[in-house]
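> Here you go, sequence then predicted model.
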Amino acid sequence: MSTIRLTAIGAAASLVPELALAQTRITPAVVFADAAPAMKLIMVLLLVSAIAAIVVTVLKVLSGPRLTGGSAYLQALRLGGPLIGLLGAAYNVLMINIGIANIGEQPPYNVLAPGVAEAAFIFVLGLIAGVVAVICNWIVEARIDRAVLRS
């Protein structure tokens with residue numbers, strides 16, 4: 001009985017596109033859950049990298065007079081984060097275009113929207129990782145400058 005009911009609901013949703021769209025709300029959690037495993041890995045790596053930059057900065061600031069460690073990671077993430085995000089987004093858009101080419105006709109935008117949102121989300125995560133690294137690098141460099149000027 002539930003199979004018949006689900007079929008009827010599916011048929012009604014296909015007849016009324018607004019009803020089908022209203023049932024699927026795209027959020028960052030939905031974008032992550034719907035992503036391919038490789039894209040999930042990129043998203044997680046970018047988030048972990050941004051968090052690690054904050055941890056490295058806090059440890060560096062609390063380390064006292066010691067000036068070594070952490071700066072190279074922050075400097076690499078400043079450029080690497082956005083580039084990895086851009087690479088993931090470009091790969092995602094490439095896969096979307098290959099899928100459209102294989103279908104042979106233009107699908108409606110509500111079909112493409114989750115993939116486009118995934119590409120944008122990966123790119124934004126890369127930018128966030130880069131911005132966090134830039135700010136953390138400024139903090140570390142200012143601390144190093146203060147320590148050098150004191151001695």
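Nice, I can see it.

> If I look at A12, what pLDDT would I see?
You'll see A12 listed with a pLDDT of 47.

> Equivalent analysis for L59, please.
Predicted confidence (pLDDT) for L59: 88.

> Equivalent analysis for I135, please.
I135 is given a pLDDT of 94.

> check contacts around it.
Not one residue lies near I135 by Cβ atoms under 8 Å, 6 or more residues apart in numbering. In short, each C-beta sits where N, CA and C put it, glycine included.

> so it is in which element?
If you go by DSSP states H and E, I135 is part of helix 109-150.

> low pLDDT regions in the chain?
Across the chain, the ranges flagged by pLDDT under 70 are 1-24, 65, 67-69, 151.

> go with 80
Residues of the chain meeting the criterion pLDDT under 80: 1-24, 63-70, 144-151.

> Where do the helices of it begin and end?
Secondary structure of the chain (DSSP state H): helices at 2-15, 17-23, 28-34, 37-62, 71-103, 109-150.

> quick one: buried residues of the third one?
Residues of helix 28-34 classed as buried under the neighbour-count rule (16 or more other Cβ atoms under 10 Å) are V31, F32.

> Could you check how far that helix is from the centre of its chain?
Put simply, helix 28-34 sits 10 Å off its chain's centre (Cα atoms, centre = their mean, to the nearest Å).

> now stretch 39-57
Centre-to-centre, stretch 39-57 and its host chain are 10 Å apart (Cα atoms, centre = their mean).

> Contacts for it, please.
32, 35, 69-70, 73-74, 77, 80-81, 84-85, 88, 91-92, 118, 121-122, 125-126, 128-129, 132-133, 136, 139-140.

> What residue, apart from its backbone neighbours, is nearest I26 spatially?
Counting by Cβ to Cβ, 6 or more residues apart in numbering, A117 is the residue found nearest to I26 once chain neighbours are left out, at 5.4 Å.
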